[in-house]
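S.K.: I need the structure of the sequence given here:
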Amino acid sequence: MSAAPVLPPLYSAIEPLTAERHAALRVRDAGFGFAARMSAVPVAAEEIAIASRFYPVVFAAQEPHMPVAILGLKPEHNMHVAEDGKWADGRYVPAYLRRHPFLLVRVREGADEMALCIDPNAAQFSQTEGEGLFGTDAKPTPQLDRAFEFCKNMEVAMQKTKVMCDVLAELKLLHPAAVQFEQGGKPIKIDGFHAIQREAFQALPAEKLAELRNTGVLEVIYAHLLSVAGLPELAAKMNG
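M.R.: From the prediction side, this is the model:
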């Protein structure tokens with residue numbers, strides 16, 4: 001018996017989107033209550049510059065050490081979603097959350113072809129509210145075209161992000177990390193993630209730094225390093 005497929009975070013099920021099966025489906029704005037228990041969210045390299053202004057951005061401990069934005073320091077707790085499902089005013093919403101409940105999935109392992117899928121249980125879907133995904137002619141509506149384009153762009157961005165993470169790993173810049181500080185007279189330690197090791201970064205030869213600059217990775221590194229300093233502030237807000 002084959003093992004059940006591992007679903008991406010937030011998705012309770014995945015099925016290919018088809019006019020035959022989903023002709024009556026509509027998509028509506030249901031807020032971000034679905035992400036209320038997500039304490040970290042994947043981010044693409046191109047998002048890090050802006051995401052790091054609002055959230056600490058670190059690298060996952062598991063290979064290939066993809067970047068994630070820290071949304072809360074307690075398990076299954078997102079500090080940025082209110083009880084009514086609204087995202088905190090003025091704060092950047094990562095693309096991973098804006099893509100939900102759509103997702104591009106490879107039609108088979110190793111294939112280049114990808115199919116647009118949905119989480120059929122998502123709160124964003126309705127039979128009566130919102131904009132339809134298919135017209136009466138069974139053709140995609142502008143809403144569905146936008147969803148497909150967004151998913152396609154995000155897939156490309158995440159592939160580029162993986163390439164960047166591979167480069168960082170090859171340069172031996174990513175190491176297990178921890179942040180320690182004192183709050184209310186008590187020592188606090190936050191760990192379980194990877195980060196750019198400053199000593200290894202500073203030891204890079206000039207030609208490698210130039211390569212990182214020319215590919216845009218240098219900007220990502222600086223944004224990440226600056227954002228990690230926000231972990232104590234996040235802890236203070238959590239306890240405040």
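S.K.: wait, what's in contact with the residue sitting nearest the centre point of the chain?
M.R.: Among the residues of the chain, the one closest to the centroid is P42, at 2.4 Å (CA atoms, centre = their mean). Contacts were defined as CB atoms under 8 Å, 6 or more residues apart in numbering; by that measure P42 touches 9, 66-68, 94, 96, 158. In short, each C-beta sits where N, CA and C put it, glycine included.
S.K.: By mean pLDDT, flag the weakest helix or strand of this protein.
M.R.: Sorting the helices and strands of the chain by mean pLDDT, DSSP states H and E puts helix 231-239 at the bottom, at a mean of 72.
S.K.: Buried ones in that helix, by neighbour count?
M.R.: Taking 16 or more other CB atoms under 10 Å as the basis for neighbour counts, the residues of helix 231-239 that come out buried are 231-232, 234-235.
S.K.: Looking at those, which is nearest L25?
M.R.: Top of the list for closeness to L25, among these and by CB to CB, is L234 at 37.6 Å.
S.K.: State the distance from that closest one to I188.
M.R.: Using CB to CB, to the nearest Å, we find L234 at a distance of 11 Å from I188.
S.K.: same check, this time on K162
M.R.: Going from K162 to I188 by CB to CB gives 32 Å.
S.K.: ok, then the element right after the longest helix that the chain contains?
M.R.: With DSSP state H setting the assignment, residue counts place helix 142-170 as the longest helix in the chain. Stepping forward along the backbone from helix 142-170, the first helix or strand reached (DSSP states H and E) is strand 174-183.
S.K.: which secondary structure elements does that next one contact?
M.R.: strand 186-196, helix 231-239 (3 or more CB pairs under 8 Å, 6 or more residues apart in numbering; DSSP states H and E).
S.K.: Mind listing the strands it pairs with, and their directions?
M.R.: Note on strand 174-183: by DSSP bridges, its sheet partners are strand 186-196 (antiparallel).
S.K.: Show me what the strand it pairs with is in contact with.
M.R.: Contacting residues not belonging to strand 186-196 are listed as 58-61, 65, 68, 73, 168, 173-182, 221, 224-225, 228, 231-232, 235 [CB under 8 Å, 6+ apart].
S.K.: Quick one, which of these are buried?
M.R.: 58-60, 65, 68, 73, 168, 173-174, 177, 179, 221, 224, 228, 231-232, 235.
S.K.: Could you give the number of residues near the spatially closest residue to M38 that is not a sequence neighbour?
M.R.: What sits nearest to M38 in space, not counting adjacent residues and going by CB to CB, 6 or more residues apart in numbering, is N78, at 5.2 Å. N78: 20 surrounding residues under other CB atoms under 10 Å.
S.K.: N78 contacts L71, correct?
M.R.: Yes: here N78 lies in contact with L71, judged by CB atoms under 8 Å, at a distance of 4.5 Å.
S.K.: follow-up on the earlier one: can you put the helices and strands packed on strand 174-183 in TSV and add distance to D137?
M.R.: Converted to TSV, those look like this (distance: least, CB to CB, whole Å):
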stretch	distance to D137
strand 186-196	49
helix 231-239	50
